[in-house]
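Colleague: The following comprises the amino acid sequence and a computationally predicted model.
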Amino acid sequence: MDRRRVVITGLGAVTPVGLSAGESWQAVKDGVCGIAPITQFDSTGMKVHLAAEVKGFDPANYMTRPEAKHMGRFTQFAVACAKEALADAAFAPAQADLDRCGVIISSGIGGLSITENEHDRGKEKGWDRVSPFYIPMGICNMAAGQVAILSGFKGMCSCPVTACAGGTNAVGDAFHYIRDGYADAMLCGGTEASVTPLAIGGFTSMKALTQAEDPARASIPFDGERSGFVLGEGAGMLLLEELGHALARNARIYAEVVGYGATCDAYHMTAPQPDGSGGAKAMALALADGGAAPEDVDYINAHGTSTHLNDAGETAAVKTVFGSHAYKLAMSSTKSMTGHMLGAAGAVEAIFTALSLYDGFLPATIHYRTPDPACDLDVVPNQGRSAEIRYAMSNSLGFGGHNGSLLLKKWEA
C-alpha cells in the first residue's frame, strides 16, 4: 500500500496558559507560567496546593446551556478545541466525505469529578438516585463521541487510554490511519480535567506530585531540584488531512507528520526503565517511520515531567538514539509552563511542536536554575529563541510503560 503524506491544517487548544491554540502558543513563546494555587476545591489540609488549571473557561462560549449541562468538563474542553480546529482549518464538513473522516481523542481519567460527585450523591440519597447522565458523561470515550456528533465525522471514532502517552497515541494513530488510506481527515488529540481532590490525593500518595509552594519552583523539568510534576488540565486538537485533500481546498499547512513510534517498557506500573530504553525505541521507530536520520532532528519537545526518574531516563534515551547529535539539538519541556495535562499533554505538545516548525521558534524550559549532570542537554533554559527547524519530535511516556514519539517536518511543498 502506498504511503500517503499527512499534514496538519487545523489547531485548537484550551490550556492553563490560554483559551485557544494561538493564545497558548503566544504565552509559551513569552514564557508564561500557568501554575497557581488550586481554585477548583479547597486544598486545606492537603500536601499539594498548586495546579495548572484552565482559567476563565466558559462553556457558554462554545455550546448551549443544555449541551454543557450534559458534558463533563473534559468533554467541554474537547468540543471547544474541535470547533476551533475546524474553524482554524476552514474545514467545511459539507464538502467532505464524512465516512472518510474520523475522530481519535484520548483521555486518561475522563470525568473523575463526575464520579466523585455522584458517589457522594449515591451515599447520601441512595445509589438508584445517581444521575442518569453519570455514565455517558463520565466515560473516557465520550469526548471523542461528542466531537464526532459535533463534526458529523462518521469514520473511525476511538479513545486511546494510555495515561500520559494518550494524546500522542491519538495523533500517531490518526496519522497512520490517514497515511495508510483508511481516511482523508481526522480530528485527533487529547483532553483532561482531573484537578480534583481524589486525583490530587492519589498522585500525592504515590509521591508523583511536587509539594512545592512556589509556582516558580514547582514544575522545573531537568532542574537538579525537581521534586515531582504539577497536575494540569486542558485539551488539544489537531485536524490532520491527506496532503491531496488539503491542497484541493487550498488549506494552510502548519507542518507535515512524517513518523510515529509506540512501544511499551513492560517493566513497572509507574516507573520508567532507568535506562530509558523503551522511550529510545519509540524515538528510533518514529525516525525510521519518517525516513529521517538522527542528525536531521533539530528540536525535541520532551515529555519532561519534572520527576527525577522521567527526566534523567528521557535524557539517557535521547543520547542512546541521537548519539553525539544529542548535544547539538535542543530539547525543552513546555510542561514547565502548562504542568502535566496527562492524556491531553501529548496533543497539546504536538501542537506546540508543529508551531515551533511553523514559526521557527524553540520554546523554553522556564524556571531552570540548578543544572543536573544527568540532564545535560540544551534544555533551552528560561528564554525561548528563534531557530531554523526542519524536523522536530514530540515525546510522551506514560504510566504502564507506554511510550510514544511523533516526528514532524517543516512544511515543504
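Modeller: Right, received. Where do you want to start? Residues are numbered from 1 along each chain as shown.

Colleague: My guess is E53 contacts A36. True?
Modeller: Yes: in this structure E53 lies within contact range of A36 using CB atoms under 8 Å: 7.0 Å. Bear in mind the C-beta positions are built from the backbone N, C-alpha and C, glycine included.

Colleague: neighbour-wise, which of those two wins?
Modeller: For E53 versus A36, neighbours defined as other CB atoms under 10 Å are more numerous around E53 (22 against 17).

Colleague: Burial check on the nearest residue to the more buried one once chain neighbours are set aside, number of neighbours?
Modeller: Computed as CB to CB, 6 or more residues apart in numbering, the closest residue to E53 that is not its neighbour in sequence is V195, at 5.6 Å. By other CB under 10 Å, the residues close to V195 number 24.

Colleague: And V195, its phi and psi?
Modeller: phi -80, psi 80 (degrees, to the nearest 10).

Colleague: and it, how far is that from T270?
Modeller: Per CB to CB, to the nearest Å, V195 is found 20 Å from T270.

Colleague: do E124 as well
Modeller: Applying CB to CB to E124 and T270 gives a distance of 33 Å.

Colleague: If you count surrounding residues, which of the two has more?
Modeller: Between E124 and T270, counting by other CB under 10 Å, T270 is the more crowded of the two (14 against 8).

Colleague: Touching, P274 and L309? I think so.
Modeller: Yes: using CB under 8 Å, P274 makes contact with L309 at a distance of 7.1 Å.

Colleague: Now do the helices in the protein.
Modeller: 21-30, 65-69, 73-88, 112-125, 134-138, 142-151, 166-179, 197-205, 243-248, 277-290, 308-322, 335-338, 345-359 (DSSP state H).

Colleague: Go ahead and name everything in contact with the shortest one.
Modeller: Contacting residues not belonging to helix 335-338 are listed as 15-17, 24, 27-28, 31-35, 52, 219-221, 229-230, 232, 234, 303-306, 345, 348, 363-368 [CB atoms under 8 Å, 6 or more residues apart in numbering].

Colleague: Give the buried residues for it.
Modeller: K335, S336, M337, T338 (16 or more other CB atoms under 10 Å).

Colleague: isn't H303 right up against S333?
Modeller: Yes: contact criterion CB under 8 Å: H303 and S333 qualify, at 7.5 Å.

Colleague: Check the nearest residue to S332 once chain neighbours are set aside and give its pLDDT.
Modeller: Using CB to CB, 6+ apart and skipping residues adjacent in sequence, the residue nearest S332 is V380, 4.0 Å away. What the model reports as pLDDT for V380 is 98.

Colleague: Look up how far A248 lies from E241.
Modeller: From E241 to A248 the distance is 10 Å (CB to CB).

Colleague: again with S332
Modeller: 36 Å.

Colleague: more crowded one of those two?
Modeller: S332 (28 against 12).

Colleague: Quick check: bridge partners of the more buried one?
Modeller: Following DSSP bridges, S332 is listed with bridge partners N301.

Colleague: All set now, cheers.
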